[in-house]
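Peer 1: What follows is a predicted structure for the sequence shown.
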Amino acid sequence: MTTAEANRLAYKDMNQLYYVIGTLTFYLVVLGLAILLDNISIVLDISAAFAISALAFVFPSIFYFKGKQRFGGSIVFYERMACLYLCLGVFNCCLSLTSCIWGIITGDVGGE
C-alpha cells in the first residue's frame, strides 16, 4: 500500500447515499438527545463507561491479539492475561452502564 492510498479520505470512496443517510441520522440523534436531556452528565457518564473500559482493558488485549496475529509467536501466560483483560473490560463496562442506568432510574444523575 502506498502512502497516497493510506492517506486517502475514506468517506470519498463511500456510496453518497450511505454518507448522507449516516450523517443525517447522527445529526438527528444528537439533536434529539440535546432536546430531551436536561443534564449533560448522563451523556458523559455513559460515554465514560465505554471509554474507561476500552482504554484500560479492551484495547490492550486487542492490540496483543492483533500483534500475535501479525508477528506470530506468543506466550501462553500473555494470551491468558489478554483474555482476562478482555473479560474484565466487558465486565467493567456492564457494571458501569448498570450504575449509570440505576442513577437515571433513582434520579441520582451525575452524583447530585
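Peer 2: Sure, I can see it. No experiment lies behind these values; they were computed from the predicted model shown.
Peer 1: C-alpha only now, for contacts and for neighbours.
Peer 2: Will do.
Peer 1: so where's the longest helix in this protein?
Peer 2: When every helix of the chain is counted residue by residue (DSSP state H), the longest turns out to be helix 76-106.
Peer 1: mean confidence score for that helix?
Peer 2: This predicted structure assigns helix 76-106 an average pLDDT of 91.
Peer 1: Tell me which residues of that helix come out buried.
Peer 2: Under the neighbour-count criterion of 16 or more other C-alpha atoms under 10 Å, helix 76-106 has 82-83, 85-86, 88-90, 92-93, 96-97, 100-101, 103 buried.
Peer 1: Quickly list the domain ranges of the protein.
Peer 2: 1-36, 38-112 (automatic domain parsing).
Peer 1: So which residues of this protein form helices?
Peer 2: Residue ranges of the helices in the chain, as given by DSSP H, are 3-7, 10-13, 16-36, 41-53, 59-71, 76-106.
Peer 1: Mean neighbour count, the domains of the chain: which tops it?
Peer 2: Comparing these on average neighbours per residue, with mean count of other C-alpha atoms under 10 Å, the densest one is domain 38-112 at a mean of 15.
Peer 1: can you give me how far that one is from the chain middle?
Peer 2: 8 Å (C-alpha atoms, centre = their mean, to the nearest Å).
Peer 1: Could you pull up the contacting residues of the residue nearest the centre of the chain?
Peer 2: The structure's the chain has its C-alpha centroid closest to Phe50; by C-alpha atoms, centre = their mean the separation is 5.3 Å. Contacts here follow C-alpha atoms under 8 Å, 6 or more residues apart in numbering; on that basis Phe50 touches Cys93.
Peer 1: how close does it get to Phe59?
Peer 2: 11 Å (C-alpha to C-alpha, to the nearest Å).
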